[in-house]
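**Q** I'd like to go over a predicted model; first the sequence, then the structure.
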Amino acid sequence: MKYFNIFLILFTFSTTSFSQSLKELEQRKQKTQQELDFSNELLEKTQKDRVQSVNQLNILSSQLKLRNRLIFDTQNQIDLLLREIEDKSLFITSLNQDLVNLKKEYAKLIRFARKSKSDMEILVFLFASEDFNQAYRRLRFYKQFVKFRQKQASDIKATQEMIQIELQNLQNNKLELEESKQNKAKEVLKLSQEEKKFKKSIISLQQTEGQLRKEIEERKKSMAILESTIADLIAEEAKKMATSKVRDGRYLLLSAGFEGNKGKLPWPTTKGLITSTFGEHNHPVLKGVKIKNNGIDISTDKSATVRSIFEGEVKKIVTIPGSNIAILIRHGDYLTVYSNITKVTVKAGDFVKALQPIGQAYTDPSTEKGIYNLQIWYESNIQNPVHWILP
């Protein structure tokens, strides 16, 4: 029984870890599914109108990544369930063997007990003692024997109950495994359909190469203006710092607070899908053409409210040709930049709170969906916003 108890402890620990891993996977799958549902909402209007755009293609690309992530997590779920089923089967086998051993031991106890046919024989056994001490030892032995026999009977019952529970758990795992396999098959089919749609969109957009190249040039100009604006702001404030030589308490608290919330900062909009990632990457349609993004493009609902992701001071509001309005908010040593904004609700010099509305995301008239850009700077060092906002 000692080895069985050790095995039981190890199995219980393994089962707890399995449950935690499975729960984490399920939570991630649910979040991925929510993002997929939102991407379908974003595509719904454009598909009805049969309007093709790079943003639509980016949404399709994001959808493919999300679908692949969902398939990957489902496969991990299947692997976990397979291991759990194998472990449970071994555990049930061990329980059954232990039950056999317990019954054998109990049968021996019963046979031994039958040799003492009555309470009278027990009394004779006790009174036949040579002295009081021997009688006491015999009485104590008899009580321990009765207690051990009761424990064996209790162990048999407990083991039988545990076997039934584990058999039911095993059946549940098998049903869950089958469901996961079916879900994976459905997701693979959807992925295949979405890949065809993606390729079809690329072919359609390739026919508008001139327009695409024009859009790229406009974006480069917008980005250059925004970069220059940020550089000027940083240089201007650096001069002020050099003159004053002191950063006040609020400034330091904002820096520490912003940095301390890395990876936990809220999204600027309640709903959103990243449709263009940070850094330099290939253009989704034009071969050999690279595009650079100093932040992330987020697609969202029509006229969605954009909010500050942390408390801070609005330093500048500038109009950027091709990107509507950009709002620069300082959080100590950090800057957040929100561009492609309309209907701005703050002004330079305002101190905003976290999640305070600052404007609306620009709505693309061809899709009737919002799109804006988020940038994060640590002084003159650009940051990847994905590392700062909630996953």
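**A** Received it, and whenever you're ready, just let me know what you need.

**Q** From S299, how far off is Q193?
**A** 21 Å (C-beta to C-beta, to the nearest Å). C-beta coordinates here come from the backbone N, C-alpha and C atoms, glycine included.

**Q** Repeat that for R28.
**A** Counting by C-beta to C-beta, the gap from R28 to S299 is 21 Å.

**Q** confidence score at K245?
**A** The predicted local confidence for K245 comes out at a pLDDT of 53.

**Q** for L102, that is, sorry about that
**A** For L102, the model assigns a pLDDT of 65.

**Q** likewise the one 4 residues further on?
**A** In the predicted model, Y106 carries a pLDDT score of 61.

**Q** Numbering from 182 from now on, please.
**A** Done: numbering now begins at 182, and the last item shifts to Y287.

**Q** who's more crowded, R209 and S480?
**A** Set side by side, R209 and S480 show more neighbours around S480, with 29 against 17, by other C-beta atoms under 10 Å.

**Q** which SS state does the more buried one fall under?
**A** strand (DSSP: H, G, I helix; E, B strand; the rest coil).

**Q** what separates it from F272, distance-wise?
**A** Going from S480 to F272 by C-beta to C-beta gives 49 Å.

**Q** can you give me the helices for the stretch 232-381 of the chain?
**A** Ranges of helices within the stretch 232-381 of the chain are 235-296, 300-308, 313-387, based on DSSP state H, counting those that start in this stretch.

**Q** weakest of these by average pLDDT?
**A** Out of these, the stretch the model trusts least by mean pLDDT is helix 300-308, with a mean of 50.

**Q** quick one, what contacts the closest residue to I563 other than its chain neighbours?
**A** The spatial neighbour of I563 that comes closest, neighbours along the chain excluded (C-beta to C-beta, 6 or more residues apart in numbering), is N475 at 5.5 Å. Contacts here follow C-beta atoms under 8 Å, 6 or more residues apart in numbering; on that basis N475 touches M404, L407, E408, F459, Q556, I563.

**Q** Off-centre distance for stretch 555-568?
**A** Mean-position distance between stretch 555-568 and its chain equals 22 Å (C-alpha atoms, centre = their mean, to the nearest Å).

**Q** now stretch 437-457
**A** Using C-alpha atoms, centre = their mean, the distance from the centre of stretch 437-457 to the centre of the chain it belongs to is 15 Å.

**Q** Please apply the same query to stretch 410-420.
**A** The chain centroid and the centroid of stretch 410-420 are separated by 38 Å, computed with C-alpha atoms, centre = their mean.

**Q** what mean pLDDT does that stretch have?
**A** Here the mean pLDDT over stretch 410-420 is 80, rounded to a whole number.

**Q** For that stretch, list the C-alpha coordinates in CSV.
**A** Included here for stretch 410-420 are C-alpha records, laid out as CSV according to Å, rounded to 0.1, in the frame of the first residue of the first chain:
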residue,chain,number,x,y,z
THR,A,410,7.1,65.6,-35.3
ILE,A,411,8.1,63.1,-32.6
ALA,A,412,11.8,63.9,-33.0
ASP,A,413,11.1,67.6,-32.7
LEU,A,414,9.0,67.0,-29.5
ILE,A,415,11.7,64.9,-27.9
ALA,A,416,14.4,67.5,-28.8
GLU,A,417,12.3,70.3,-27.5
GLU,A,418,11.7,68.6,-24.2
ALA,A,419,15.3,67.5,-23.9
LYS,A,420,16.3,71.2,-23.9
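
**Q** which residues sit against it?
**A** Stretch 410-420 is contacted by residues K496, K497, V499, I501, A507, L509, R511, L516, V518, W558, E560, S561 when judged by C-beta under 8 Å, 6+ apart.

**Q** Buried only: go through those for me.
**A** Among the contacts of stretch 410-420, those classed as buried by 16 or more other C-beta atoms under 10 Å are K496, K497, V499, I501, A507, L509, R511, L516, V518, W558.

**Q** Okay, and the last one sits in which element?
**A** To tie it back to what came earlier, the one meant is W558. Secondary structure from DSSP states H and E places W558 in strand 550-559.

**Q** Averaged pLDDT, that strand. What do you get?
**A** On average, the pLDDT along strand 550-559 is 93.

**Q** Direction included, what does that strand pair against?
**A** Using DSSP bridges, the neighbouring strands of strand 550-559 in the sheet come out as strand 477-481 (antiparallel), strand 515-523 (antiparallel), strand 538-545 (antiparallel), strand 562-564 (antiparallel).

**Q** closest one to V281 among those?
**A** Nearest to V281, of all the strands paired with strand 550-559, is strand 477-481, at 62.4 Å by C-beta to C-beta.
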